[in-house]
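1. attaching a predicted model along with its sequence, questions to come.
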Amino acid sequence: MTFRLRIALGSIAIGLLVLGLKFVAYWWTGSVALYSDALESVVNVASAVAAFVAVWFASKPADSNHPYGHDKAEYFAAVLVGVMIVLAALSIVREAWLAYVAPQPVIFSAEGLLINGAASLINGAWAFVLIRVGRAHRSLALVADGKHLVTDVVSSVGVLFGVVLVLLTGIQALDSLLAGIVALNILWSGWGLMKESVGGLMDEAVAPALQERIREMISTAGEGALEAHDLRTRSAGHVVFVDFHLVVPGTMTVETAHDICDRIEEAISRDVPGARTTIHVEPEHKAKHAGIVVV
C-alpha cells in the first residue's frame with residue numbers, strides 16, 4: 001500500500017472517531033448547532049471514503065483503455081464530495097428551521113463541550129497532515145479532504161462559542177442562527193471543491209506560478225534551440241502534462257535536437273516530479289518570434 005493510500009485510509013479512521021465524539025457531545029447537550037456540527041462529520045467520513053477510493057484508483061498504472069493513466073479519478077471524487085457537502089448543508093438548514101420554530105432548551109454539559117472541542121483539535125491536526133501530504137504528492141483528493149476538515153474546524157469553533165453564548169444569555173434562537181451560519185459555511189466549502197475539481201476535468205492550465213517556472217526551465221535548459229512556443233499545460237491528479245513546440249536551426253541533426261529535448265524534460269521532471277512532457281521539434285522557419293526565448 002502506497003503512502004498516499006495509507007494517509008487516505010487513516011483519514012477514514014480519524015473521521016469515524018471524530019464523528020462518534022461529536023454525536024456524544026450533541027447527545028449530552030441537545031444543541032441543534034452541535035447536531036449540525038456532528039452531521040458535517042458524516043460528510044467528512046464520506047469524503048474520506050471517496051478520497052481513499054479515488055487515490056486507490058488513480059494509483060493504477062496506465063493501460064490500453066486509459067493510456068494517460070487514471071489520475072483524473074481524484075477530480076470525480078472531489079465533485080462527489082462537493083455534492084455531499086451541499087446535501088449536508090440543506091439538511092442542517094432544515095434542522096435549524098425546525099429548531100427555530102419549536103426551540104428546545106440547550107442542556108449545559110461541560111463534558112459534551114469538552115468532547116466537541118477535543119474532536120475539533122483532532123480534526124485540525126489531521127487537516128494539517130492531509131493538506132501537507134496532498135500538496136507534496138499533488139493529490140487533489142487529499143488536499144480537498146484536508147480543506148474540508150479546516151472548514152469543519154472553523155465551524156466547530158463557531159458552534160462552541162455560540163452554544164456558550166446560548167447558555168450564558170438564555171437566547172435559544174442563537175442556537176438555530178449558528179446552525180444556519182454553519183450551513184452557509186459548508187455550502188461555500190462545497191462550492192470551492194466543486195469549482196476546483198471541475199477545472200481539472202476541463203483540463204484547466206496549471207497555476208500561473210508553476211507555468212512561469214516551466215517557461216524558465218525551458219529557456220535555461222534548451223541551450224542550442226532558438227525558441228519555444230504554443231506551451232500548453234494541464235493537471236490530472238498528481239500528474240502535470242506539458243507540451244510545446246521547440247524551434248531549432250534547420251541544419252541541426254536529429255540526435256542533437258533529441259539531446260536538447262532530453263535536457264528540457266529532465267529539468268522539468270526535477271522541479272515537477274512525475275511531469276509528462278511532450279515536445280514537437282520544428283525547423284527555424286517555423287519560428288513565431290513570440291514564444292519562449294531560449295538563452
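-> Happy to help now that I have it. These numbers were taken from a predicted model, which means no experiment stands behind them.

2. excluding chain neighbours, what is closest to V157?
-> Once flanking residues are discounted, V157 sits nearest to S120: 6.4 Å by C-beta to C-beta, 6 or more residues apart in numbering. Glycine gets a C-beta too; all of them are placed from N, C-alpha and C.

3. against L16, how distant is the one you found?
-> As for S120, its distance to L16 is 16 Å (criterion: C-beta to C-beta, to the nearest Å).

4. more neighbours, the two?
-> When S120 and L16 are compared on other C-beta atoms under 10 Å, the one with more neighbours turns out to be S120, at 23 against 14.

5. just name whatever secondary elements the one helix or strand the more buried one maps to is in contact with.
-> Under the criterion DSSP states H and E, the helix or strand holding S120 is helix 110-136. Under the contact criterion of 3 or more C-beta pairs under 8 Å, 6 or more residues apart in numbering; DSSP states H and E, the helices and strands touching helix 110-136 comprise helix 3-29, helix 32-58, helix 140-169.

6. please identify the most buried of these.
-> Highest mean neighbour count of the helices and strands packed on helix 110-136: helix 32-58, a mean of 25 (counted as mean count of other C-beta atoms under 10 Å).

7. tell me the strands beside the helix or strand containing V240, with direction?
-> When elements are defined using DSSP H and E, V240 is found to belong to strand 239-247. Strand 239-247 has the following sheet partners, assigned by DSSP bridges: strand 227-236 (antiparallel), strand 276-282 (parallel).

8. buried sites along it?
-> If you call a residue buried by 16 or more other C-beta atoms under 10 Å, then strand 239-247 has these buried ones: 239-242, 244-247.

9. pLDDT-wise, what's the bottom of those residues?
-> Scanning the buried residues of strand 239-247 for pLDDT, the low point is V239. It has 81.

10. tell me the contacts of that one?
-> Listed by C-beta atoms under 8 Å, 6 or more residues apart in numbering, the contact partners of V239 are 69, 71, 138, 274-276.

11. the same query, at a cut-off of 6 Å, please.
-> Residues near V239 by C-beta atoms under 6 Å, 6 or more residues apart in numbering: 71, 274.

12. how close does it get to N185?
-> V239 is 32 Å from N185, where distance means C-beta to C-beta.
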